[in-house]
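Asker: need the 3D shape of this:
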Amino acid sequence: MSSVDQTPFRKLARRLKINKPDWELLTQALTHKSYLGEMGMLQSNERLEFLGDSIVGLIVSEYLFARYSDRPEGELSKAKAVVVSEPILAESAKKIGIPDALLMGSGEASSGGRGRPSILADAFEAVVAAVYLIHGLEPTRVLLLKTLGPVIEDIEGEEHQRNYKSVLQELTQSRCKTIPIYTVLSSCGADHDKTFTVQVHLDGTLLGTGDGKSKKQAEQAAAEKALGNPLFELDRWKKGKL
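Answerer: Predicted coordinates for the structure are as follows:
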């Protein structure tokens, strides 16, 4: 890192209370694979991202399970899907100063890599893993819940339900460079009390069908179904395996 401005790195290290003996692990968490070829480094943050993904899932699941004891499994799964989605984790990375501290190849950086949601979400998970390995589970839980706090608080007011469509679109744009298409399948009822049925497709594949008293409500319901569809599991999308 000698040729790189270390100010953002040092700020992040101070924020995470990571001292110099552990800087090597934090450096790995911030190293995108595009940086390896230019600098001859041996490890990117991919292994740490693998661990961090599980840690984030555990802490968020545990919190939702304990706080919302009256919610069924299906609702908890949908709430978790929003909280740990790529756009939310990318925003969390920005909150703690990860983008400026990232190490990446010049080509990746010049093409907007520091603002790419997939890169930021992966880096956030890698940093979470580094904090866990250095400080343990409890400090990691404090960091994660504080960072994700506003999103988790929305769960109580069911505000997250308004996010399904945007989460679906941001994920598909990030991973597949395309957007989901919503189609009104049918509408029935009197003009003042219609019920709409909407389907959402991606590249011709049906992901979900939803009903609502307006087209917007039906689209949100369809997006919600899509995020829970076995063909479109968030974890598979995050790994680019669909």
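Asker: contacts, neighbours, all on C-alpha from now
Answerer: Fine.
Asker: and the residue nearest the centre of the protein?
Answerer: In the chain, the residue lying closest to the centroid (CA atoms, centre = their mean) is Glu86, at 2.2 Å.
Asker: show residues contacting stretch 183-194.
Answerer: Contacts to stretch 183-194, defined as CA atoms under 8 Å, 6 or more residues apart in numbering, come from residues Thr195, Phe196, Thr197, Val198, Gln199, Val200, Lys213, Ser214, Lys215.
Asker: next, count neighbours for the first one.
Answerer: Just to be clear, that refers to Thr195. 19 (other CA atoms under 10 Å).
Asker: that one bridge partners, please.
Answerer: Thr195 has the following beta-bridge partners by DSSP bridges: Cys188.
Asker: give the contact list for it.
Answerer: Counted by CA under 8 Å, 6+ apart, Thr195 has contacts Ser187, Cys188, Gly189, Asp211, Gly212, Lys213, Ser214.
Asker: at 6 Å what do you get?
Answerer: Taking CA atoms under 6 Å, 6 or more residues apart in numbering as the contact definition, Thr195 lies against Ser187, Cys188, Gly212, Lys213.
Asker: pull out the buried members of these.
Answerer: Ser187, Gly212, Lys213 (16 or more other CA atoms under 10 Å).
Asker: closest one to Ala79 out of the residues you listed, please.
Answerer: Gly212 (19.5 Å; CA to CA).
Asker: ok, the closest one touching Ala221?
Answerer: No - taking contacts as CA atoms under 6 Å, Gly212 lies outside contact range of Ala221: 7.2 Å.
Asker: returning to that earlier point: quick check: the residue nearest to the centre of the chain vs Gly212, distance?
Answerer: 26 Å (CA to CA, to the nearest Å).
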